[in-house]
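J.: What would the 3D arrangement of this be:
(one chain, ligands or ions: 1)
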Amino acid sequence: MKEESSDAIQAIIWDDDHLKIIDQTYLPARTVYIELKDIGHVWEAIRKMRVRGAPAIGITAAYGLYLGIRQLEVRDFDSMWLELERLSEYLGQSRPTAVNLQWALGRIKKTVYANKELSVNDLKDLILKTAVTIHEEDKRICRRIGLNGVDLVPKNCGILTHCNTGSLATGQYGTALSVIYHAFIAGKGIHVWVDETRPYLQGARLTAWELQQAKIPMHLITDSMAGYLMKLGKVDMAIVGADRIVANGDTANKIGTYSVAVLARQHNIPFYVAAPLSTFDMSMKSGDEIPIEERDADEVRMIRNQHIAPEKVPVFNPAFDVTPGELITAFITEKGIIKPDYNKTLPSLFEKG
Ligand code: MRU
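T.: Prediction:
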């Protein structure tokens, strides 16, 4: 049994009166922390994917809402509430698919409303306190997800993962990557196959970097190699994170996840999704309702400012796809492993609270 490291990467830090984040656009070449001192900075950092990954976006937005309201002169609860609605609407539009963003903003608003008799200054303090709570809770939840997933990992197995779901994408440890990390320290003898995750290369730039720091054995592959590896018998399970999971189990995650799930089914390989309850959206019945973000065409035409396609070539660049619930073997959450029939098991998870 290896030691669990307490110095795991902290991608988001509340530093006295402002936010500090690792600017992920510089990785893996350089680890650069940037300071976010107002809500406009936070909006830009989320939109430009300086911070990314569903839980990390939610945590950052929570602090962003505090930074926004802190600088406003509001006299009473009613004017503060109007501003909170306006600012959370603004932050909520920075990225549409990951529901954690809406979830975190909604949680803050609910807490404020429940305490509306407090003074405006006390409410401001409460908003910061709630953001810190969301952040600290996420660290504990991600650790729990990792520990809950360990039993699903066979000894000496190959694990394929897509995108980045580690400490960079969460408060700490990650979701799918937390399972991988905890399986590694439990001595399972794992080997990780990391999809590079075109076009934004979260796998190549970020997951490979995180796994290297944790000294977890891996190979980086291009996305198109996954099927061949499965055919060769090198993949025993696939595990990914999620941006939004709806009531029937349909799951939005990084573009390319659906292809991995189809390949896994074809090769009889279990396909797991690891996510906190804050990523589940029971207000939607099916994946058809999930808004899918489309990003700039140059993310596909260019790599690191170099054109790899003709300058004006038309591009379709959806950032996420939806994997049907029937392709998902189980969800790994902080409350345990959730199996089909998702139309029944997911809603009952939330009814229990
Ligand atoms: O566009 P990104 O990099 O924010 O997308 C990230 C993903 O799709 C992750 O798999 C998901 O947010 C889960 S992160 C724990």
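
J.: what about the closest residue to V153 other than its chain neighbours, how many residues close to it?
T.: Spatially, and ignoring its direct neighbours in sequence, V153 is nearest to A183 (4.0 Å; Cβ to Cβ, 6 or more residues apart in numbering). Backbone N, C-alpha and C define where each C-beta goes, glycine included. Applying other Cβ atoms under 10 Å, we find 27 residues neighbouring A183.

J.: repeat for S88
T.: S88: 23 neighbours (other Cβ under 10 Å).

J.: separation between the residue nearest to V153 and P55?
T.: To P55, A183 is 20 Å away according to Cβ to Cβ, to the nearest Å.

J.: Quick check, the residue in the stretch 251-353 of the chain closest to the ligand?
T.: K254 (3.4 Å; Cβ to the nearest ligand atom).

J.: wait, doesn't that residue sit right on A319?
T.: Yes: the pair K254 and A319 passes the contact test of Cβ atoms under 8 Å, sitting 7.3 Å apart.

J.: Between the two, point out the one with more neighbours.
T.: Legend: neighbour count by other Cβ under 10 Å for K254 and A319, higher for K254 (26 against 21).

J.: The residue nearest to V153 and K344: what is the separation?
T.: 29 Å.

J.: again with V153
T.: On the measure of Cβ to Cβ, V153 and K344 end up 26 Å apart.

J.: about what we covered before: go ahead and confirm the residue nearest to V153 touches L147.
T.: No: taking Cβ under 8 Å as the definition, A183 is not a contact partner of L147, at 9.9 Å.

J.: Give me the common contacts of those two.
T.: Common contact partners of A183 and L147 (Cβ atoms under 8 Å, 6 or more residues apart in numbering): none.

J.: How about the residue in the stretch 151-300 of the chain positioned nearest to the ligand, nearest residue that isn't a chain neighbour?
T.: Of all residues in the stretch 151-300 of the chain, G241 sits closest to the ligand, at 2.8 Å by Cβ to the nearest ligand atom. Counting by Cβ to Cβ, 6+ apart, T165 is the residue found nearest to G241 once chain neighbours are left out, at 3.5 Å.

J.: hang on, the earlier thing: among V153 and K344, which residue is more densely surrounded?
T.: Counted by other Cβ under 10 Å, V153 and K344 do not tie: V153 has more neighbours, with 21 against 10.

J.: Who are the contact partners of the more buried one?
T.: I159, V179, A183, K188, I190, M237.

J.: Number of residues surrounding the fourth one?
T.: What that stands for is K188. Residues near K188, counting by other Cβ under 10 Å: 16.
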